[in-house]
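Engineer: please find the sequence and the predicted model below.
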Amino acid sequence: MVFFRSVRLLRTLPSSAAVGSSVTLQALNESSESSRIMPNVRHATSLCAVALFLGVATIVSAQTKSAQAQELRDLLSIDATVSAAVQPDTAVITLAVEKQGTDAAPLTSEVNAILGRALAEAKATSGVQASSGNYTTQPRYDNKGQRNGWVVRAEVILKAKEFGVLGTLAGKLAKDLQISSNGFEISPELRTKEENALIDKGIVAFRAKAQAATRAFGNTSFAVREVAVGQIGGGLPERPKMMMQARGAMMAADNAVPIEAGVQQLSLTVSGSVQMVK
């Protein structure tokens, strides 16, 4: 009985209370629905942001690759080689003494004495650099292949920038020694001077060549990307004919050896790359 009275009391509630309860239930339902929708909205917003970021990144990457490709197309490799004719400033003469005999000991003593006198006289001459060269002691064989003696040979190397002084000295020493070889060298001071001049000349040639190629490709200017300056190089100078005729021949004492330097070609290459600009 009590149960049924409770039901009747519930049914007899005022209409305003019923309406309030209905509004409250509806608000709860809407709140619950909003709770379910908001995470989805936030997720969708995040996806949109990621998609927008990826889209922008793709565009930037494409633009960067396009710019790099254009840059590579406008990259030009250049090399310029320059040369100069240089007269060597140092003469070099190698003198040799050779003695043969059956006993190596006296031969060695004789060669040493001649070599010592030559070095002493050379070092006493102003402007001449003197040094020992090759020194050999070898067995001598007859036509049957049997050893029948010894050959002792020694060299002295003379260098000087004053060609006349060196020629006079070589003539004096010719009474005991023979001219074994001769040639010329470029001193370190002259080489440095010529190298600096070639570097300046090479860089000017490099820029001129780059400008000409840039204009030929329809561009107006260029910017140097990288550059390398090579080592100076060149061939051997021409040997004087008069000294070649004297080679191996015993010269009269105090007869000066004529010395005249040839010309040596030195070269240098400047290479690198430039960026052509419209």
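Structural biologist: Right, received. Where do you want to start? Remember, predicted model here, so these are calculated numbers, not experimental data.
Engineer: can you pull the contacts of residue 274?
Structural biologist: Counting by CB atoms under 8 Å, 6 or more residues apart in numbering, residue 274 makes contact with 75, 76, 78, 210, 214, 222, 223, 224, 225. C-beta here means a position set from N, CA and C on the backbone, and glycine is covered the same way.
Engineer: among the residues you listed, which one has the most neighbours?
Structural biologist: Counting neighbours by other CB atoms under 10 Å, the top entry in these is residue 210, with 24 neighbours.
Engineer: elements contacting the helix or strand harbouring it?
Structural biologist: Secondary structure from DSSP states H and E places residue 210 in helix 188-216. For helix 188-216, the elements it packs on are strand 75-86, strand 221-229, strand 264-277, judged by 3 or more CB pairs under 8 Å, 6 or more residues apart in numbering; DSSP states H and E.
Engineer: those: which one's closest to residue 121?
Structural biologist: strand 264-277 (29.7 Å; CB to CB).
Engineer: how about stretch 166-178: buried residues?
Structural biologist: 166, 167, 168, 169, 170, 171, 172, 173, 174, 176, 177, 178 (16 or more other CB atoms under 10 Å).
Engineer: actually stretch 114-123, not the one I wrote
Structural biologist: Result for stretch 114-123 [16+ other CB under 10 Å]: buried residues 114, 115, 118, 119, 122.
Engineer: as CSV, these with distance to residue 276, pLDDT and secondary structure would be great.
Structural biologist: Listed next are the buried residues of stretch 114-123 as CSV, based on distance: CB to CB, whole Å; pLDDT from 0 to 100; DSSP: H, G, I helix; E, B strand; the rest coil:
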residue, distance to residue 276, pLDDT, secondary structure
114, 69, 96, helix
115, 65, 95, helix
118, 64, 96, helix
119, 62, 96, helix
122, 60, 95, helix
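Engineer: now the two most distant members of those residues.
Structural biologist: Greatest spacing in these, by CB to CB: 114 and 122 (12.5 Å).
Engineer: pLDDT score for residue 39?
Structural biologist: Residue 39 is assigned a pLDDT of 57 by the prediction.
Engineer: please determine how far residue 225 is located from residue 200.
Structural biologist: To residue 200, residue 225 is 21 Å away according to CB to CB, to the nearest Å.
Engineer: go on, residue 90?
Structural biologist: Note on residue 90: its distance to residue 200, by CB to CB, is 24 Å.
Engineer: neighbour count winner among these two?
Structural biologist: residue 90 (19 against 11).
Engineer: leaving out sequence neighbours, find the closest residue to the more buried one.
Structural biologist: Of all residues not flanking residue 90 in the chain, residue 185 sits nearest, at 4.4 Å (CB to CB, 6 or more residues apart in numbering).
Engineer: state the mean pLDDT of stretch 264-278.
Structural biologist: Here the average pLDDT along stretch 264-278 is 94.
Engineer: name the residues of it that are buried.
Structural biologist: Result for stretch 264-278 [16+ other CB under 10 Å]: buried residues 264, 266, 267, 268, 269, 270, 271, 272, 273, 274, 275, 276.
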